[in-house]
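Asker: Fold the following for me, if possible:
(one chain, ligands or ions: 2)
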Amino acid sequence: MSKEDPIVVWHESSVSREQREKLNAHRGCVVWFTGLSGSGKSTVANAVDRLLFERGVRTYVLDGDNVRHGLNATPAMLTEQFDEAFGQRFGLGFGQQDREENIRRVGAVARLMADAGLVTLTAFVSPYRKDRDSVRATVNAATAAGNDFVEVFVDTPLEVCESRDPKGLYKKARAGEIKNFTGIDAPYEAPNEAEITLDGGTGTPEELAKQVVEHLVALGKITA
Ligand SMILES: Nc1ncnc2c1ncn2[C@@H]1O[C@H](COP(=O)(O)OS(=O)(=O)O)[C@@H](OP(=O)(O)O)[C@H]1O
Ligand SMILES: Nc1ncnc2c1ncn2[C@@H]1O[C@H](COP(=O)(O)OP(=O)(O)O)[C@@H](O)[C@H]1O
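Answerer: Ligands and ions are numbered 1, 2, ... in the order given. Modelled structure (predicted):
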C-alpha cells in the first residue's frame, strides 16, 4: 500500500464492488501465474480464460508480452514514438528494479480490474518473491475477506522450457546476446506457498487449465 499524500485524495466510486459482483454473480479476484519463460503461463492462462468465459464468468488476461507492448513498454519500443531520453526514462527492461516496477504497475492494474468485478488472470515471469508478495498484500488489502490473490506456480523444469524456446530467446541468452535472462543469468525465486502449483512439464495445457478451474471452485472464487 502506498503512503498517503494530502494533495491526492481517494474518490469513492458510486457503484460498489459488491454491487458489481452481484450483477456478475461472481467475485472479482486476481489469478497470478508465475514461472519461467516458456513454462506455459500464457497458454494455460488463456485456456483458463476460455473455460471461465464459457461458464459466463467475466475475465481478462494481462499478459507480460502484451503489457510490455504498451503500459510497460521496453525502452526500445518507446524510442520509436518518443526521443531516446523518454524511452530510457519511462521504458522498463529486465534488470531487477525494472522488473519490480513492472510487477508493481501490473499489480495495481490487476487490483483495479478485480475491483471492477473481473476474474483477472495475469501471466508474468515475476521472478522475485518479494514483488509477488507485495502484489498479494495490495490485492488482499482491497477487501475485508483479504483473500482475492491466487498465486499459480507453473512449475516447468528449465530444460523443458529451454527445449520449447518458441521465441528463440534461450538460444540467444546462452549465446550471451541477451543479458539477465531468467533461469540463465538472472534468478527465478519459486513460490513457497502458492495456492496452486501446476506440473507444467507434464499434462496438456487443457488438463492444466481444468486443474486451475477446479482449484478456483474449491477456493470458492467461482461456483461449480
Ligand atoms: N531477460 C529476460 N528475462 C525473461 N524474459 C525476457 C527477457 N527478455 C525478454 N524476455 C521476454 O519478456 C517476457 C517476460 O516479461 P515479463 O514482463 O513477464 O517479465 S518480468 O515479470 O518483468 O520478469 C518473456 O515472455 P514469456 O516467455 O511469455 O514469459 C520473454 O519473452
Ligand atoms: N503444458 C504444455 N505442454 C506442452 N507444450 C506447452 C504447454 N504449455 C505451453 N506449451 C508450449 O510451450 C511454449 C511456451 O508457452 P507459453 O504459454 O508462451 O509460455 P510462457 O507464457 O510461460 O512464456 C508454447 O509454444 C506453448 O505452445
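Asker: measure residue 71 to residue 77 for me?
Answerer: Computed as Cβ to Cβ, to the nearest Å, the residue 71 to residue 77 distance reads 11 Å. (Glycine included, C-beta is placed from N, CA and C.)
Asker: Counting neighbours, go ahead and name the busier of the two.
Answerer: residue 77 (16 against 13; other Cβ atoms under 10 Å).
Asker: Name all residues that make contact with that one.
Answerer: 68-69, 87, 91 (Cβ atoms under 8 Å, 6 or more residues apart in numbering).
Asker: helix/strand/coil for it?
Answerer: In three-state terms, and counting by DSSP: H, G, I helix; E, B strand; the rest coil, residue 77 is helix.
Asker: can you tell me which two in the contacts of residue 77 are farthest apart?
Answerer: Distance extremes for the contacts of residue 77: the farthest pair is 69 and 87 at 13.8 Å, using Cβ to Cβ.
Asker: Between the two, point out the one with more neighbours.
Answerer: The neighbour comparison of residue 69 against residue 87 (other Cβ under 10 Å) goes to residue 87, with 18 against 12.
Asker: Residue 93 is in contact with the more buried one, correct?
Answerer: No. Using Cβ atoms under 8 Å, residue 87 is not in contact with residue 93, being 10.2 Å away.
Asker: Quickly check: the longest helix belonging to the chain near ligand 1 or not.
Answerer: Identified as the longest helix of the chain according to DSSP state H is helix 96-115. Yes. Judged by Cβ under 6 Å from any ligand atom, helix 96-115 comes into contact with ligand 1 at 99, 102-103.
Asker: and this structure, which residues reach ligand 1?
Answerer: Those residues of the chain that sit near ligand 1, judged by Cβ under 6 Å from any ligand atom, are 37-38, 41-42, 64-65, 68, 94, 99, 102-103, 124-127, 167, 169, 178, 180-182.
Asker: Repeat the analysis, applying 5 Å as the threshold.
Answerer: Residues of the chain found near ligand 1 (Cβ under 5 Å from any ligand atom) are 37, 64, 94, 99, 102, 124-126, 180-182.
Asker: list the residues that contact both of residue 87 and residue 93?
Answerer: The contact sets of residue 87 and residue 93 overlap at residue 75 (Cβ under 8 Å, 6+ apart).
Asker: Residue 121 in helix, strand or coil?
Answerer: strand.
Asker: what number of residues lie near it?
Answerer: 28.
Asker: now it, which residues is it bridged with?
Answerer: Under DSSP bridges, the beta-bridge partners of residue 121 are residue 31, residue 61.
Asker: for it, what are its contacts?
Answerer: 31, 33, 45, 48-49, 59-62.
Asker: Just the buried ones out of these, please.
Answerer: Buried members of the contacts of residue 121, counted by 16 or more other Cβ atoms under 10 Å: 31, 33, 45, 48-49, 59, 61-62.
Asker: quick one: least confident helix or strand in the protein?
Answerer: Lowest on mean pLDDT, DSSP states H and E among the helices and strands of the chain sits helix 75-81, with a mean of 87.
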